[in-house]
Each structure stands twice: as structure tokens, then as C-alpha cells.
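*Asks:* What shape does this take:
(2 chains)
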2 protein chains.
Amino acid sequence: MSASEDASKHLRVAVVAPPWFPIPPDGYGGIEAMVHWLVEGLVARGHQVTLIGAGDCRTSAQRFLQTYEDPPGGRLGTPFPEILHALQVDEHLRDLEVDVVHDHSMGGPLVAIGRRTPTVLTAHGPVEGELGECYRLLSRHHPLVAISASQRANGPHLPWAATVYNAIPAGEYPYETDKDDFVLFLGRISPEKGPDLAIQAARAAGRRIVVAAKCNEPAERAYFEQRVRPLLGPDAEWYGHATTEEKKKLLARASALVFPIQWDEPFGIVMVEAMACGTPVVALRAGSVPEVVVDGLTGYICDRPEELPAAIRRVDALDPKACREHVFDRFDVPDMVDGYVAVYRKAIARAAAAAVA
Amino acid sequence: MSASEDASKHLRVAVVAPPWFPIPPDGYGGIEAMVHWLVEGLVARGHQVTLIGAGDCRTSAQRFLQTYEDPPGGRLGTPFPEILHALQVDEHLRDLEVDVVHDHSMGGPLVAIGRRTPTVLTAHGPVEGELGECYRLLSRHHPLVAISASQRANGPHLPWAATVYNAIPAGEYPYETDKDDFVLFLGRISPEKGPDLAIQAARAAGRRIVVAAKCNEPAERAYFEQRVRPLLGPDAEWYGHATTEEKKKLLARASALVFPIQWDEPFGIVMVEAMACGTPVVALRAGSVPEVVVDGLTGYICDRPEELPAAIRRVDALDPKACREHVFDRFDVPDMVDGYVAVYRKAIARAAAAAVA
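*Replies:* The predicted model follows:
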């Protein structure tokens, strides 16, 4: 294979971020974190990446094109940032020669309906209800990628182009085999995440629990006051919001992550982060849990909350090495990049065929 | 001119409403009211109108295509209804043979960037800031219509296709020459509308004022409690929210509408409604006021709030007939229809020329 043939395999990819936070995000921002690792992974493989996003994006992308100077994260949930961002993205793309666009925003795909460059979408949210109907209509024009088989099963009416798991740079997570005597809840304070169930399960198991969670929105604060604060005590410590570095330390030190998820979360990246640190996951069966956790090897999957305490008592039987290796095997950034590059190539081939026809 | 030639002049127009309220709106909904009268006026002129909107639309349009079954008005200000509505509108338009689309939504024009059928936009909001930037980018693809010369002057960077005033069916408004002894404030409780200035001006003029206004959102209620309620008294009556029919009665009976507008409102339809009832307008000079009110004939335009009381004292010198005739001359539905049909024909001709080139 000649050098030129090899170079021709590299793609020119425009990655469109949502408007709300910079890439990588300072704190909250699950989609933004995934976009960050995708960009890093694509560049590491030699692809030419243009990132289009808001604010001060610091990635390895060869080119960055800005929409909002200040990301309007404070207005998350309002319509104009999505609309203006989509229009600004479109202006940038008009001046750009790329093979494929991978759009993670909600407004961008609307403009992309009329664009010739193939555009790949990832369904980052639940595929039921209003968002599911948005995905259904968008998937008539763009290849749509699921982030788990569970999400895909919840949207059987959608013409899924592929399933590509979200990933993390597993090697950058601290690996710890000598665990402390606490279990960890890490996430947001909301009924869907089950922080109260986690505390009750740890207490019933006779284990101390640390609760580190985002709790700044009105609904989160209300749930905290009503359902979480009354459960706190010497064996249930409120840590509050944890920074990225604090999260990693907590995950590495904990003897288990308790993940009593109450809805079909399409993908729970925190489970992967825990396992990367050699920390098993004790979870309730919902959403992507059975795909991410290997029951009896990298954690325990319970069908009912009453089963959680017994599972928590048995976590020391699990091997941290198996947890970490599972992440390297399945949820490391190169796995995600391989998945998406295959989707990009198919989309490019399909668009080329359509242009000829 | 033969019958077929005459018929060929009629246009097939798709009118896209915003997703939030039905057409006509039950209560609040300024854009929706304008869309309603535009549809009625186009049909009255023999054009073939397809209305695309949410909920139970009751107009004279020959065809109605629904997006949301229940208009999501309660979620006004959130992004997904705009996005899903835009996608559903696009699906409807794909099956439709029309000459021109007139889109009053915010998400629809994003999808329309890639469509061949010419799409006309009306700038219903202020043209500064974020919304102005949206209009600027959209106007690269679609003809953009201003609703007043004032709005147009505030957006000199925008390539305006035309200015078309909003209109009402003037003949359907009650005409009253024998006025009651009160002046009226009609609108929303907000600092931009100046309800407190209206009360203070009426009191200083020794005239009773009735304050009829929308006051259900948190910011409106807060402003009411802080700045309006303390000013109420025997000579300043709080009416609360007025229905469409109640508004007409209040407007007809009032000896003047007090309109101490505090921002460059692109178009204040309530001034037109007052004049249609034979009621003059005492206003502050801002936005479209000098275009809508003929100073000294259909009302008085003041430069400072201190001038309002003297103007209120002089309203009996103005002729109700002149007020009403001014609306029939300039702001009646056929005027608006003429304006938009001219824009449609230009857009169609331009698209046809572009297709040939």
C-alpha cells in the first residue's frame, strides 16, 4: 500500500457540538464530554477534524470554528441558542470542504436536511415521546446512530444505522485495587437516578456511602431536601458536586458504585468510569445496564431494590482487574472511533451513490 | 381577459404558523392573530391557502395540515416544540404542490434553507441582539419582510424585501363616537409597556383609567405587585385580563388609549384596534408609533412622560371618524394581503429565474 493510498483513507470530518458548553465541558455536559473524546480519538487516528462549537474549545482538532463566543449554558432549554447556533454552523459549513458532518446538536440537523454533504446523527437522548418523534423524522434524511442496544430496542420504529457505545480514555483513569470502606453514588439528584435508593441499600448492607452529585437546579434541590437530606447521617455522607478530578479519585477509592437507575437511561457513562478505575457496579436492571456491566464479573445487576444490599455485601468478591479490562475491551475511545468511522464511510458511500443516480 | 388567465393569477400559498397556539388564538398570541387575518384575506382574494399549524385551527383556508394535536403553548420558550413542529411542517410540505411558503415559525426557516419552493419570512420580533442575528443569517436564504419602517431602521444591516404593516379586519370592530369618561391601558403588565406611567399620566390629567392587561407570568405578576398595585385607587381600576370581545368593548367605550411604550416595539396592533373603534391614542414616541398614529389627528405623540397628562386632557378635540378612517386606509386586512401578495410574486419570479440560471 503506497503512502498516498494510505493518506486517502483519512477522512475530513466536521464535528458539530451542541451550543451550551465548551468542548471539553468545565463540569456538567455528558454530550460535550463524548464529543471531546470522539474528536481526540479521530485526530489520533489521523483524520482531519474541524470542530464547530461555542466558547473556548480546547481539543486536538486541526481546526476550530466558533459560533457563540460565550456558550449560553445558562439558557439550556430555551430555543434561540439552538436556532442561532444551527444557522452559524451552516455558515461555517458553507465555506468548508469536508467528507462528512457528525452533528450532535438539535437545530443543526434541520438545516442539514437540504445539504449534500452526508450528515451523521447520534441519538443522545431517549427515543420515546417528542424527542423520539424528532429522531424519527430526522432519520428520514440522516443516518442515526444509537448509543446502546437498549436505546435501539426502545425505538424499534427507527431505521438505526448502527450502535456505537460512548467511550472514555480508559488509560487516563486511576486504577486502584486497594479500596476504601465506602460505596459511592455519583450523578445528579433526581428521582430517575435513585440517590435515596442508593443510601437505603448501603445502610441495609451495613456499608458507608458517599453521595457526590449535581444539585443546583430547582428540581434537584427540591428532591434533595425532600428525599435525600432526611436520609443523611454518619454512614451516609453528602459530598456535593465533584469536579472531574475529584470524581476520578472518589471512583478509584470506592469499593463499589451504586447505580439504582430508575429509567431506561440510553447510556450511563459513570458505570464505565467506575469500572475503568477497577471499581465494580451494583445496579438495577434498566436501560443499558446489562450491556455495560457483566453480571457477576464487573458488578451485580439486581432486578429489585431489595436485592441491592446483598449485592453490595458481595462486591469484594469481584476482581478490579476484570472491571478495568472490560472497559479497555469495549468502552475505550478507539472502540468508539472505529464504530463512527465505519458509519461515516457508509454515509459517504451512500451519498456518492445517490449523487450518481 | 379570459377566465383561465384570471384564475392563473391566483397563488397556491402554504402559511406556516408557529407551534404554540391555534389559529385564531384563544387569547394571547399576536403572531397567531396576524396569521389568522392574513389567511382570511388571502382566501377572500381567491388564493388557495394551506395552513400548517398546531391544534384545532378554524380558518377559511381551503386546507389545514396539523402538526401538534395539542398546541404546546404551556411550553412557550422551550426548544423541542419548535424543532418537532419544523420537522412535521417539512413532512407536510413534501407532499404539497404550492407556489410559495410564508413561514411565521422560528424552526421552519432552518429546514427551508434547503427547499426549492420560495419561502417568505416576516420578522415578528425585534431585530437587535440574538433574534436579529437569526434574521440576518436567515435573510441570506429567504426574503425577509419588516412590519414597520421603525423595525426596518433598527435593522439597517438586513436586506429587507419589503415592509408590510400588520392589519385587522377594521369593519369587525365596534365604532363608538359617544365615549365614556375613562382612558384605557390595554396590554401586558411589563416595564416595556409602561402601565405605571399610564396610571400616573391619567391621574395627573384628572381622568379615570381602566387597566386591562395580561398578568399571569411570574415577571408580570412581580411587576404588578411592585409597580402597579400601589398605584391603583378609585381613579385607577384594575380590570385584569380581557377577552377578545371585552377588549373591543373597552376600546370602543374609552375616550383614549394610553400607550406609553418604553421600547421600540416593531408594531403595536392595539393602537390600530383602538383607532378602528374611533378611539384616539396618546402615546410616547418609540418604535412604530409615529407610523401608526397621525399626531394631532388620530392621537397625540409625546416625547416625554411629563407631556402625557396635557395630551390626555385634549383627546376630546380629536375626531373618532378620522381615527377609524385611518385604519380603513392603511391597516385593514386587504392592505396587508396586497403587500404580501406582491412579496410572494417577487419571490416566485426570483426563484424561477434562479432555477433557469
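*Asks:* Every contact and neighbour count from this point should use C-alpha atoms.
*Replies:* Fine.
*Asks:* who's in contact with A:Gly287?
*Replies:* Neighbour list for A:Gly287: A:Ser150, A:Gln151, A:Trp263, A:Asp264, A:Glu265, A:Pro266, A:Phe267 [criterion: Cα atoms under 8 Å, 6 or more residues apart in numbering or on different chains].
*Asks:* Just those: which are in helices?
*Replies:* In this view, the contacts of A:Gly287 that belong to helices under DSSP state H are A:Ser150, A:Gln151.
*Asks:* Can I get the contacts of A:Gly287 in JSON lines including neighbour count and pLDDT?
*Replies:* Below are these laid out as JSON lines (neighbours: other Cα atoms under 10 Å in any protein chain shown; pLDDT from 0 to 100):
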{"residue": "A:Ser150", "neighbour count": "20", "pLDDT": "96"}
{"residue": "A:Gln151", "neighbour count": "23", "pLDDT": "97"}
{"residue": "A:Trp263", "neighbour count": "15", "pLDDT": "94"}
{"residue": "A:Asp264", "neighbour count": "17", "pLDDT": "93"}
{"residue": "A:Glu265", "neighbour count": "18", "pLDDT": "93"}
{"residue": "A:Pro266", "neighbour count": "24", "pLDDT": "94"}
{"residue": "A:Phe267", "neighbour count": "24", "pLDDT": "95"}
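*Asks:* now, which of the contacts of A:Gly287 lie close to chain B?
*Replies:* With Cα under 8 Å from any Cα of the partner chain as the criterion, the contacts of A:Gly287 include none near chain B.
*Asks:* Format the contacts of A:Gly287 as CSV; extra columns: distance to B:Ala123.
*Replies:* Formatted as CSV, those follow (distance: Cα to Cα, whole Å):
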residue, distance to B:Ala123
A:Ser150, 43
A:Gln151, 40
A:Trp263, 42
A:Asp264, 41
A:Glu265, 40
A:Pro266, 39
A:Phe267, 41
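*Asks:* which residues of the stretch 51-200 of chain A score low on pLDDT?
*Replies:* Residues of the stretch 51-200 of chain A meeting the criterion pLDDT under 70: none.
*Asks:* sorry, back to before: so which of the contacts of A:Gly287 sit within strands?
*Replies:* If you go by DSSP state E, the contacts of A:Gly287 have nothing in strands.
*Asks:* Going by distance to A:Glu307, which of the contacts of A:Gly287 wins?
*Replies:* Distance to A:Glu307 across the contacts of A:Gly287 (Cα to Cα) is lowest for A:Trp263, with 17.5 Å.
*Asks:* close enough to count as contact, the closest one and A:Leu284?
*Replies:* No: with contact defined as Cα atoms under 8 Å, A:Trp263 does not count as touching A:Leu284 (9.7 Å).
*Asks:* Which stretches in the stretch 201-350 of chain A count as strands?
*Replies:* A:208-214, A:236-240, A:256-259, A:281-284, A:299-302 (DSSP state E, counting those that start in this stretch).
*Asks:* And those strands: which comes nearest B:Asp319?
*Replies:* Among those, the nearest to B:Asp319 by Cα to Cα is strand A:208-214 (64.1 Å).
*Asks:* returning to what we had before: can you tell me which of the strands of the stretch 201-350 of chain A comes nearest to chain B?
*Replies:* strand A:208-214 (22.3 Å; Cα to the nearest Cα).
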